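> Got a predicted model here, sequence first, then my questions.
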Number of protein chains: 2
Amino acid sequence: MDPAALAALQTRFGEQLSTAHAVREAHARDESRMDYHLPDAVLHVQSEQDVVDALRIAGEYLFPIVPFSVGSSLEGQVIPVRGGLTLNLLGMNRVLAIEPGGFQATVQPGVTYPELNRQARRHGLFFPVDPGAEASLGGMASTNASGTGAVKYGTTRDNVLEMRVALPGGRVVRVGSKARKTSAGYDLKNLFIGAEGTLGVITELTVRLWPLPAEVVVLRCNFGTVAEAAACAVTVMGAALQPERLELIDEHEIHAVNVQLERDYPERPTLWIELASPSRAALEESLSVCSDLCRDAGGQDLAVATSAEERAAVWEARHKAYSSMVAMYPGHVNLSTDVCVPLHRLPAVVAATRAKCDERGLNASFVGHVGDGNFHVLFHAAPDDRATWDAIHATYDEMMTLTLAAGGTCSGEHGIGLHKQKYLAQERADTLELMREVKALFDPQGLLNPGKIF
Amino acid sequence: MDPAALAALQTRFGEQLSTAHAVREAHARDESRMDYHLPDAVLHVQSEQDVVDALRIAGEYLFPIVPFSVGSSLEGQVIPVRGGLTLNLLGMNRVLAIEPGGFQATVQPGVTYPELNRQARRHGLFFPVDPGAEASLGGMASTNASGTGAVKYGTTRDNVLEMRVALPGGRVVRVGSKARKTSAGYDLKNLFIGAEGTLGVITELTVRLWPLPAEVVVLRCNFGTVAEAAACAVTVMGAALQPERLELIDEHEIHAVNVQLERDYPERPTLWIELASPSRAALEESLSVCSDLCRDAGGQDLAVATSAEERAAVWEARHKAYSSMVAMYPGHVNLSTDVCVPLHRLPAVVAATRAKCDERGLNASFVGHVGDGNFHVLFHAAPDDRATWDAIHATYDEMMTLTLAAGGTCSGEHGIGLHKQKYLAQERADTLELMREVKALFDPQGLLNPGKIF
């Protein structure tokens, strides 16, 4: 970064600005651990005005701006590959308002979804999008993150009503509406959601909250293969039971969870299905129907988690499956895929992907938000194990071919970042140029999170 | 239109093209009946290729293109105010595929939602967005239409997975994904949804289908005032009963329905609440909770419609409320508002709007998708009754001030078209210019449905 730019930032921001190596180092990676690049400086923003002023100065001195909160992105989104200024948004961590009667909350972008849930709970409400990793709402909107709740409640996109976004040059606009629906003009809100910080910096979000379900139970069911489990998930979705969560986790991930979290789950491909109803009687009925469907689909060892503690333990295991797998192979680099296909194509795509992994002898594990048709294959290998990495990338390529042939997408919830640009170009051959034109319209100088998506 | 342009169209399309006055006349109005303008010619397109070629010829000869299916828009969207070529899409009326296991259907834009439902029903599925008036899917996507089902299932936006869109010059792009969720690149799909045909012509849609609910009942409940009924709706929404539909209809509209459809509903402000459950027992429980909430909120004369016929009769009445009101005042011109506010602000905004109408002695009726915070005031007067129209517009202006102060939007589901441009400019003062820039990017020659939205 130009020394004059740094001086201008220092003049405006004083001690909020840091160029200390340790601070820059803390903003050089994300959860994927594959890439590394230091920002030139880190700004701890405290307010929308800070963001506005940083964008204004960036526009004058032409340096990149990269928004960063908890750094839980999985595709390198927050890594400042072209240097510049990283905006650390964690200081903007206030829940500004909760409107229980309107089922909505207004938050700053650095608020994490667990923190929002802690505050919403006293009103009998919750925010249903749970990507794990204590993600921030601003980051979740930027990648259109989802998680286990999406099968019932939709993704971040579906749960953001309105946002304030700071644009290059420092102008702030309001997009979307606090009303639950709107048909007023072009939908700019959804353009910023999933844009990975390349079109603007989100400075405030109004999100939907939902009533906490009254009666809840989690059914666990084991299967012979991941494809059988996926097929059962499709059947459950067809039964109008509207599960709260419908998760696949394979034997490798269960093993890792057992080891890392000291659990004793049967180490087989498993579905975890959460059901909820307004009353106990209704819940028992749904559970009975769902259990029958699982048994008919070849499910075994059905077990039910009823108490809040038991259920929390299940979802802790699910949310920590990724980190548990990572912990099993210290020193290895991990690569998580994120394809999503139409539900009726899921069992075949899962089966074919598993077969490709087995053919190559890859130690790959599967988890999935299978009620949405979304699953992740976690590959790992030593960084210098070229042969295994070649096999991984060849398998990933084949998996993408299967996915696109099935009408699916290369990313269900993680976004594109640095790692999926090749697959985005495949999937979006006909609109990639249009996306670039939109980028040029919103950010003509290319200052916002450059090098991502495209 | 330039005679050379007409000749080029005639050469390419032969008898699909019509310049007969009666045909042009049939494409000069929409459901709002307020405006009138003849297209220069009407093209009965049969295929995406027809649309592509029409756009190509329009790009050469620079004439406007206006998409039209059933003409049920309420804000003048399909009226060719600058002449040019109207594309009648009703010939593109095929349901191309229904994928029951994927809960999706792919349709041409001229398919109406009742026709899609007729075909989906045999698979135990339905498409939940029901704006009334036998609307087409292409038109519904273009205005982000909704209706009674949105409170549970979302709007057209939420139920369109993927679209093919023909752009100016004739290029066709695929936006969105057949997968249920995607985080792959910028969300161009939602830019075309609600764009009212000003950015591209939708040539194909893949939409979500949902399992038909098993057990269904409609509760009717009367109130002293529309504000009381709206307040009850907010309470019901807070009880996690997830109603299928939650509709307000006032005494004037009930009277019109009684007269026009020969019904005998009590002529008082009424809520119609549809509840569904997987089992009869669960439904009885929800109904009991809901009935108690209604009585606590001052509701009276509770009545329950259980059989499919009884329920269909209720929703026929709701869907024909608008046309019944219109039929009550032959020769009058009608104006329907469409504001949507955060739910907790709804009772106050409804009460204040009613008070403003009463102050001015306006014969205005209220209906609303109140579970979404969306309500319509239907004004009417003789076309030459200047005093009443002045009072109507003054009331509308005040209602918009109330709506914007409550964080609401000028359009919940009808769009902007010709009639709400003033209110869009108020609501979107900070992004209107950005919207214009998006328009210029997608349609630099300004050929697509010119004069709408802006």
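Cool, got the structure.

> ok, and the closest non-adjacent residue to A:Glu413?
Excluding the flanking residues, the one nearest A:Glu413 by C-beta to C-beta, 6 or more residues apart in numbering or on different chains is A:Ser146, at 4.3 Å. Quick note: C-beta positions are derived from backbone N, CA and C, even for glycine.

> hang on, I meant A:Leu62
Per C-beta to C-beta, 6+ apart, closest to A:Leu62 is A:Gln445, 6.2 Å.

> Report how many residues lie close to A:Arg386.
10 (other C-beta atoms under 10 Å in any protein chain shown).

> again, but for A:Val201
Applying other C-beta under 10 Å, I find that A:Val201 has 28 neighbouring residues.

> Over to A:Arg280?
If we define neighbours as other C-beta under 10 Å, then A:Arg280 has 12 of them.

> State whether the residue nearest to A:Glu413 and A:Gly415 are indeed in contact, as I suppose.
No: judged on C-beta atoms under 8 Å, A:Ser146 makes no contact with A:Gly415 at a distance of 11.0 Å.

> helix or strand for A:Met435, which one?
Here A:Met435 sits within helix A:432-442, counting by DSSP states H and E.

> gap between that helix and the chain center?
A distance of 24 Å separates the C-alpha centroid of helix A:432-442 from that of its chain, computed with C-alpha atoms, centre = their mean, to the nearest Å.

> what comes up buried for it?
A:Leu432, A:Leu434, A:Met435, A:Val438, A:Lys439, A:Phe442 (16 or more other C-beta atoms under 10 Å in any protein chain shown).

> for that helix, packing partners?
helix B:432-442 (3 or more C-beta pairs under 8 Å, 6 or more residues apart in numbering or on different chains; DSSP states H and E).

> can you list the residues that contact the helix it packs on?
A:173, A:185-186, A:188, A:437-438, A:441, B:167-168, B:191, B:198-200, B:424-425, B:428, B:446, B:448, B:453-454 (C-beta atoms under 8 Å, 6 or more residues apart in numbering or on different chains).

> Could you look up the SS state of the residue nearest to A:Leu62?
coil (DSSP: H, G, I helix; E, B strand; the rest coil).

> State the distance from it to A:Thr11.
Distance check for A:Gln445 against A:Thr11: by C-beta to C-beta, to the nearest Å, it reads 22 Å.

> Which one's more surrounded, those two?
More neighbours surround A:Gln445 than the other of A:Gln445 and A:Thr11, with 13 against 10 (other C-beta under 10 Å).

> Now, of the contacts of helix B:432-442, which are buried?
Taking 16+ other C-beta under 10 Å as the criterion, what is buried in those is A:173, A:185-186, A:188, A:438, B:167-168, B:191, B:198-200, B:424, B:428, B:448, B:453.

> In helices only, show me those.
A:Val438, B:Leu191, B:Leu424 (DSSP state H).

> give me every residue that touches the second one.
Think B:Leu191. Residues in contact with B:Leu191 (C-beta under 8 Å, 6+ apart) are A:Tyr186, A:Asp187, A:Asn190, A:Leu191, B:Val175, B:Leu199, B:Val438.

> Equivalent analysis for the last one, please.
Contacts for B:Leu424 were tallied using C-beta under 8 Å, 6+ apart; they are A:Ala184, A:Gly185, B:Cys410, B:Ser411, B:Ile416, B:Leu432, B:Ile453.

> farthest pair in these?
Of all pairs drawn from these, the widest gap by C-beta to C-beta lies between B:Ser411 and B:Leu432 and measures 14.3 Å.

> contacting residues around the closest residue to A:Asp40 other than its chain neighbours?
What sits nearest to A:Asp40 in space, not counting adjacent residues and going by C-beta to C-beta, 6+ apart, is A:Met1, at 3.8 Å. With contact set as C-beta under 8 Å, 6+ apart, A:Met1 has these partners: A:Asp40, A:Ala41, A:Tyr61, A:Phe63, A:Gly83, A:Gly84, A:Leu85.

> just A:Gly415 next, same as before
Counting by C-beta under 8 Å, 6+ apart, A:Gly415 has contacts A:Ser73, A:Leu74, A:Glu75, A:Gln77, A:Ser142, A:Thr143, A:Asn144, A:Gly194, A:Glu196, A:Ile453, B:Ser183, B:Ala184.

> ok, the ones in helices among the buried ones among the contacts of helix B:432-442 vs B:Asn258, which is closest?
Using C-beta to C-beta, those come closest to B:Asn258 at B:Leu424, 36.0 Å.

> The closest residue to that closest one other than its chain neighbours sits in which helix or strand?
Nearest non-adjacent residue to B:Leu424, counting by C-beta to C-beta, 6+ apart: B:Ile416, 4.9 Å away. B:Ile416 is part of no helix or strand when elements are defined by DSSP H and E.

> Put the alpha carbons of whatever helix or strand A:Val207 lives in into PDB.
Taking DSSP H and E as the criterion, A:Val207 maps to strand A:201-208. Output in PDB follows, covering the C-alpha atoms of strand A:201-208 (Å, rounded to 0.1, in the frame of the first residue of the first chain):
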ATOM      1  CA  VAL A 201     -19.600  -3.800   2.500                       C
ATOM      2  CA  ILE A 202     -22.700  -4.800   4.500                       C
ATOM      3  CA  THR A 203     -23.000  -2.500   7.500                       C
ATOM      4  CA  GLU A 204     -26.400  -3.500   8.900                       C
ATOM      5  CA  LEU A 205     -28.900  -6.300   8.500                       C
ATOM      6  CA  THR A 206     -32.500  -6.800   9.400                       C
ATOM      7  CA  VAL A 207     -33.200 -10.500   9.600                       C
ATOM      8  CA  ARG A 208     -36.200 -12.800  10.200                       C
END
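
> Show me what the helix or strand that it is followed by is packed against.
The C-terminal neighbour of strand A:201-208 among helices and strands, as given by DSSP H and E, is strand A:210-211. When contacts are defined as 3+ C-beta pairs under 8 Å, 6+ apart, strand A:210-211 packs onto strand A:125-126.

> Just checking the strand it packs on against chain B, any contact.
No: using C-beta under 8 Å from any C-beta of the partner chain, strand A:125-126 stays clear of chain B, coming no nearer than 9.1 Å.

> With B:His37 as the reference, measure out to the residue nearest to A:Ala305 when sequence neighbours are not counted.
Distance criterion C-beta to C-beta, 6+ apart; nearest residue to A:Ala305, sequence neighbours excluded, is A:Val218 at 4.2 Å. According to C-beta to C-beta, A:Val218 and B:His37 sit 60 Å apart.

> And for A:Leu261?
68 Å.

> On the pLDDT front, check the residue positioned nearest the centre of chain A for me.
Taking C-alpha atoms, centre = their mean, the centroid of chain A lies closest to A:Ala145, which sits 3.3 Å from it. What the model reports for A:Ala145 is a pLDDT of 98.

> Also A:Val70?
So A:Val70 comes in at 95 (pLDDT).

> I'd say it and A:Pro131 touch.
No: if you go by C-beta under 8 Å, A:Val70 and A:Pro131 don't touch, sitting 10.7 Å apart.

> between these two, which one's more packed in?
When A:Val70 and A:Pro131 are compared for neighbours, A:Pro131 comes out ahead with 24 against 19, by other C-beta under 10 Å.
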